[in-house]
Structures are given as C-alpha cells and as structure tokens.
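1. next come a sequence and a model predicted from it.
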Amino acid sequence: MRFIGSKANLIDEIHVVVNKQSQNSTSFCDLFAGTGIVGRSFKKSHKIISNDLLYFSFVINSAYIGLKNSPTFKSAKKELGIHPIDYLNDLSVNTRTLSDKDFITCNYSPAGDNKRCYLTVENALHIDRARQLLDQWLDSGLISKGEFFYLLASLIEEVPSVSNIAGTYGAYLKEWDKRAFNRIQLNKLEIVESVHPNKIYNMDANKLITKISGEVLYIDTPYNGRQYSSNYHLLETVAKYDDPEIKGVTGLRADRSGESDYCRKGKVYDSFDHLFKNANFETIVVSYSSDGLLGEDDLTNLLTEHFDSSTLKFKKIPYRRYKRLANDKRPHVLEYLIVINR
C-alpha cells in the first residue's frame with residue numbers, strides 16, 4: 001500500500017541503530033505508526049505498542065500487529081462455506097440496487113450528484129457492500145473483533161489499487177487511470193506470529209506518551225504541512241463507515257479531529273518539546289527530514305535538552321524526491337535517523 005513517508009526502505013537502518021543502542025531490548029513503541037511497517041518488522045522479537053491518530057491506520061495495525069496469528073474464521077467458514085475473503089471477492093453487485101445507504105458510491109463515484117471520480121461505480125458499490133457485510137457479521141457474532149479488523153484491513157489495503165488517484169486522495173484524476181477499471185480483489189493478509197501481547201492505540205501521540213513507558217520509542221512524525229487526514233480521507237471513511245459530513249470538490253471529511261499539530265509551523269516545536277519531555281523510554285529513535293517544518297538545530301537541541309547528549313548519534317541519508325524534476329532547484333532532501341538514550 002502506497003503511503004506518504006513510508007519507512008520501508010529504512011527498516012534495515014532502523015534495526016541497526018536499535019541493535020547498537022539498545023541491544024537487549026524487548027519492547028518497541030511505534031508512536032506514529034501509519035501502516036505499521038516498522039512495528040511489524042520488530043514483532044517477532046519485541047512486545048509492540050502501536051499508535052496512530054487515524055482510524056484506518058489503527059485498523060491495519062490491529063490486524064498486522066494486534067493479532068498473534070492469522071484468524072481461523074471457524075464460525076464464518078461454517079456459515080458461508082468458504083473463507084470470508086473469498087466470499088467478499090465473489091460478491092455480485094448490481095448498480096441498479098444503489099441506495100442512499102451506499103455512502104462511498106454516492107459520494108466518491110460518478111453515480112453521486114457531485115460526480116467525484118475516485119472510484120468506478122462498480123468498485124465503489126463493491127466496497128459499500130463489503131463494508132456493510134463486515135458490520136453485519138460483527139454485530140451478529142459471525143466474526144470476532146480481531147477477525148473484523150483482519151477483513152477490514154484487507155479491504156482498506158486494496159482500495160488504493162483501484163482508485164483513480166496519483167498517490168493520495170487529495171484529488172482524483174481528471175482522466176481515468178486504467179487500473180481504476182480493475183475489479184477490487186481482497187488479499188489474505190500475512191500475519192507474523194507473535195507470543196507477545198501487543199497493544200494498539202488510536203490516540204493523539206502527545207496524550208498517549210504520558211500514559212506509556214518502555215525500552216525503545218520510535219518517533220516518525222509528519223514532516224510538513226500536508227495533513228494525512230486530508231490525503232487519506234477516503235480510507236478513513238471506509239474504515240469508520242460513519243456517514244460523515246463531507247465538503248468541497250474532493251469530499252473531505254468536515255471533522256478535523258484527525259489533523260496533527262506536527263503539520264503546523266507554529267505548533268511543531270512545542271509539540272516535539274512536550275513529546276520528548278514526557279517520553280519515559282530508555283532509547284529514543286527519531287526519523288525526520290531536512291525538508292521538515294522543524295529545523296535540524298531545533299530538533300537536535302530539543303533532544304539533547306531532554307536526553308543524554310553524550311549518546312546522540314545523527315545519521316543523514318540521501319533521499320531521492322519522487323519524480324524529481326531535472327530543473328528542480330530545491331536542495332536534495334536528507335532523511336534524518338537519530339538515536340539517543342535517556
């Protein structure tokens with residue numbers, strides 16, 4: 001799944017600094033988890049605390065990190081005769097049965113009054129029908145909460161593969177991308193087995209940090225002014241399926257509770273200061289960017305003010321901008337990977 005700021009390419013580097021700075025650690029907190037790619041990589045060896053402000057991220061991490069192994073779907077298989085993923089993929093949707101309860105179709109496909117072209121009518125209706133079934137199955141007891149998260153995470157992950165977007169949901173394309181015409185197909189998730197009782201949260205990180213403690217704290221805040229809640233609003237609505245008030249050409253959620261102060265120039269310094277001040281962890285690992293709202297000096301000064309400055313290690317890793325233009329005069333972006341002990 002494509003996600004802004006994904007650390008898939010930095011996982012090996014993160015493991016190296018954690019192994020050097022906190023060799024015998026057994027707990028790892030991913031405070032701004034996103035799709036949880038970093039937390040998943042530590043799942044076999046550490047007890048994980050995973051958190052994100054966005055609910056769709058919470059769903060994905062409740063599946064990949066919250067589940068100790070792949071669910072059996074014993075009750076659902078007995079009732080349906082097949083695996084629920086296969087059942088959802090085999091759904092037959094009839095666009096003539098569209099109703100105002102089909103929120104995704106009515107608001108994010110050409111079938112709606114606003115003619116938004118995020119999804120074809122067929123895929124949007126398939127998402128609506130699958131999403132409605134998941135709620136019904138959970139309410140009736142056919143699936144457990146963990147099984148619900150597994151199935152919903154699979155659905156969320158596949159929505160971008162048939163979305164008519166360049167990368168995020170900040171806008172849809174004026175012309176249809178050919179992949180949007182593919183039929184949405186859910187995949188069975190590969191769950192890493194774990195013996196640890198991992199914890200998954202859906203909270204403001206600066207509130208959660210006052211309630212938790214552990215050995216390794218990984219911090220990967222948003223870098224710039226782009227709010228993840230706006231860029232992934234459609235996935236948030238698929239996850240919550242809460243019939244929200246939406247606005248504008250792109251159908252953004254009117255609710256702004258998913259917005260982060262780390263994306264606000266006037267609040268980012270104080271947000272980091274509060275976070276570091278209340279971080280009751282032995283080793284702090286920070287991912288950031290030279291392109292971020294908080295400058296390198298401010299970030300370093302805050303870290304050394306709250307932690308042991310003699311243990312600070314600051315690595316700068318070249319990062320190639322996505323589709324960087326040949327005549328782009330902006331400085332090359334560096335990924336910061338910083339580690340410091342308490």
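-> Yep, that arrived.
2. mind listing the helices for the stretch 201-342 of the chain?
-> 205-208, 228-231, 233-240, 268-277, 296-306 (DSSP state H, counting those that start in this stretch).
3. where does the stretch 201-342 of the chain dip in pLDDT?
-> 320-331 (pLDDT under 70).
4. rewinding a little: any idea which of the helices of the stretch 201-342 of the chain is most buried?
-> helix 233-240 (a mean of 24; mean count of other C-beta atoms under 10 Å). (C-beta placed from N, C-alpha, C; glycine too.)
5. please put the alpha-carbon coordinates of that one into CSV.
-> Output of helix 233-240 as CSV, limited to C-alpha atoms (Å, rounded to 0.1, in the frame of the first residue of the first chain):
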residue,chain,number,x,y,z
HIS,A,233,-9.8,10.9,3.9
LEU,A,234,-11.5,8.2,1.7
LEU,A,235,-9.7,5.4,3.5
GLU,A,236,-10.7,6.9,6.8
THR,A,237,-14.3,6.9,5.7
VAL,A,238,-14.1,3.3,4.5
ALA,A,239,-12.6,2.3,7.9
LYS,A,240,-15.2,4.2,10.0
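6. go ahead and confirm Asp204 touches Leu54.
-> No. Between Asp204 and Leu54 there is no contact under C-beta atoms under 8 Å: 11.2 Å.
7. where do the helices sit along the stretch 51-200 of the chain?
-> Counting by DSSP H, counting those that start in this stretch, the helices of the stretch 51-200 of the chain are 55-64, 74-80, 84-89, 103-108, 121-140, 145-158.
8. what's next to the fifth one, contact-wise?
-> Where contact means C-beta atoms under 8 Å, 6 or more residues apart in numbering, the residues beyond helix 121-140 that reach it are 76, 84, 88, 91, 93, 95, 98, 101-105, 108-111, 118-119, 142-143, 145, 148, 151-152, 155, 159, 162, 180, 183-184, 186, 238, 241.
9. what angle do that helix and helix 145-158 make?
-> Angle, helix 121-140 to helix 145-158, by axes from the mean of the first three to the mean of the last three C-alpha atoms, to 10 degrees: 170 degrees.
10. pLDDT of helix 121-140, averaged?
-> Helix 121-140 carries an average pLDDT of 98.
11. mind listing what's buried along it?
-> 121-131, 133-134, 137-138 (16 or more other C-beta atoms under 10 Å).
12. re earlier: who's more crowded, Asp204 and Leu54?
-> Leu54 (22 against 15; other C-beta atoms under 10 Å).
13. from memory the more buried one sits against Tyr232, does it?
-> Yes. Counting by C-beta under 8 Å, Leu54 touches Tyr232, with 6.7 Å between them.
14. picking that back up, list just the nearest of the buried residues of helix 121-140 to Val192.
-> Leu134 (23.0 Å; C-beta to C-beta).
15. show me where the chain has strands.
-> Counting by DSSP state E, the chain has strands at residues 27-30, 47-51, 199-201, 214-219, 246-247, 252-253, 281-289, 313-319, 333-341.
16. between the helices of the stretch 51-200 of the chain, which one is nearest to Ser45?
-> helix 55-64 (15.5 Å).
17. just checking, what packs against the closest one?
-> Judged by 3 or more C-beta pairs under 8 Å, 6 or more residues apart in numbering; DSSP states H and E, the packing partners of helix 55-64 are helix 145-158, strand 199-201, helix 233-240.
18. possible to save these as a markdown table with distance to Tyr288?
-> Below are these laid out as a markdown table (distance: least, C-beta to C-beta, whole Å):
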| stretch | distance to Tyr288 |
| --- | --- |
| helix 145-158 | 27 |
| strand 199-201 | 22 |
| helix 233-240 | 24 |
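19. so Ile191 is in contact with Ser62, correct?
-> No. Contact criterion C-beta under 8 Å: Ile191 and Ser62 do not qualify, at 11.2 Å.
20. just want to know which of those two has more residues nearby.
-> Ser62 (23 against 19).
21. residues near the closest residue to the more buried one other than its chain neighbours, how many?
-> Once flanking residues are discounted, Ser62 sits nearest to Phe149: 4.0 Å by C-beta to C-beta, 6 or more residues apart in numbering. Using other C-beta under 10 Å, Phe149 has 26 other residues around it.
22. who are the contact partners of Phe149?
-> Val59, Ser62, Ala63, Gly66, Leu67.
23. could you rerun that using 10 Å?
-> 58-64, 66-67, 71, 134, 138, 143, 189, 200, 239 (C-beta atoms under 10 Å, 6 or more residues apart in numbering).
24. what does Val195 give?
-> Val195 neighbours (C-beta under 10 Å, 6+ apart): Lys44, Lys47, Lys68, Asn69.
25. now Lys265
-> Asn224, Gly225, Leu293, Leu294.
26. could you pull out the buried residues of stretch 52-72?
-> Quick answer for stretch 52-72 (16+ other C-beta under 10 Å): 52-68, 71.
27. return the distance of Phe28 relative to Tyr64.
-> 14 Å (C-beta to C-beta, to the nearest Å).
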